[in-house]
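*Asks:* Okay, predicted coordinates and the sequence, questions at the end:
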Protein chains: 2
Amino acid sequence: MGRGKARHTATPAAKTSLHLRIDFGGERSIGPGKVRLLELINETGSISAAGRALAMSYRQAWLLIDELNRMFREPVVIAQTGGGGGGGAVVTETGNDIVRLYRELERRAYGASTPEMRSLARLLAPALPTATKVH
Amino acid sequence: MGRGKARHTATPAAKTSLHLRIDFGGERSIGPGKVRLLELINETGSISAAGRALAMSYRQAWLLIDELNRMFREPVVIAQTGGGGGGGAVVTETGNDIVRLYRELERRAYGASTPEMRSLARLLAPALPTATKVH
């Protein structure tokens, strides 16, 4: 590989990120969306504010939390019922354990697979300025 | 933790799997769906047969391949145009490199994060027989 090619690849590799979903079977899974939602509930103390930060409706955010609360042995979020769903919300110890374990898992997985991520990034075409890309 | 609890967790941990999506920035990503599609094109020699195996229309499968072909420096699949899109398809060397690197990355990430996956599985509620679960 020539020096020019190697220099070219620094940019895509730098932007490369890994998104992990852990599937426990029986349609039970956690991934970056649910984990980020828990982190934002911790930061904001509110399901609706956390949902808004992720461009979710209160209902969407609540359905994800409800799913998590049923999935684990202990609830992950406890909502303090106020008037019209406006009450605060608290992430439980189990909820915080899940966030911590997921972020640690992500860190380890990322560290272990850096060589392959770099190799994949080297195969990329140069990025287009803006494009009509299919998701 | 008691012995009874530890015994309980063997089942969920055994079913646990990790799904990885690599995001290269600029809306360019690869994950289990695209990689499985490439593997199935290799096995079947056909985009439509590979798509069918993943419950995708020919159009859906083709859009994913087209996205991959634009994303990488070299095409990943070359379609042999026959009458009415019925021709065969061949995964290129770049396409096979992508599959190999992704599977290796997955294997390494899984290996590196087994302790956290087990810890997360231990927090799960016992699985319900069948349930009306939100995805």
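*Replies:* That came through fine.
*Asks:* I'd like the distance between A:Asn96 and chain B.
*Replies:* Distance, A:Asn96 to chain B, by CB to the nearest CB, to the nearest Å: 11 Å. Using the backbone N, CA and C atoms, a C-beta is placed for each residue, glycine as well.
*Asks:* What count of nearby residues applies to that residue?
*Replies:* By the criterion of other CB atoms under 10 Å in any protein chain shown, A:Asn96 has 14 neighbours.
*Asks:* Relative to the whole chain's centre, how far out is the strand ranked longest in chain A?
*Replies:* Identified as the longest strand of chain A according to DSSP state E is strand A:17-23. Between the centre of strand A:17-23 and the centre of its chain there are 8 Å (CA atoms, centre = their mean, to the nearest Å).
*Asks:* Report the rounded mean pLDDT for stretch A:24-41.
*Replies:* For stretch A:24-41, mean pLDDT is 95.
*Asks:* what about that stretch and chain B, any contact?
*Replies:* Yes - against chain B, stretch A:24-41 shows contacts by CB under 8 Å from any CB of the partner chain at A:Phe24, A:Gly25, A:Gly26, A:Glu27, A:Arg28, A:Ile30, A:Gly31.
*Asks:* buried subset of those?
*Replies:* Among those, those classed as buried by neighbour count (16 or more other CB atoms under 10 Å in any protein chain shown) are A:Phe24, A:Gly25, A:Gly26, A:Arg28, A:Ile30.
*Asks:* Now name the helix or strand holding A:Ala109.
*Replies:* A:Ala109 belongs to helix A:93-112 when assigned by DSSP states H and E.
*Asks:* Flag every buried residue along the helix or strand just after that helix.
*Replies:* Toward the C-terminus, helix A:93-112 is succeeded by helix A:114-122 as the next helix or strand (DSSP H and E). Going by neighbour count (16+ other CB under 10 Å), the buried part of helix A:114-122 is A:Glu116, A:Met117, A:Ser119, A:Leu120, A:Ala121, A:Arg122.
*Asks:* mind giving me a markdown table with these and columns for distance to chain B and pLDDT?
*Replies:* Below are these laid out as a markdown table (distance: CB to the nearest CB, whole Å; pLDDT from 0 to 100):
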| residue | distance to chain B | pLDDT |
| --- | --- | --- |
| A:Glu116 | 4 | 95 |
| A:Met117 | 6 | 94 |
| A:Ser119 | 5 | 96 |
| A:Leu120 | 5 | 96 |
| A:Ala121 | 6 | 94 |
| A:Arg122 | 9 | 95 |
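*Asks:* Much appreciated, bye for now.
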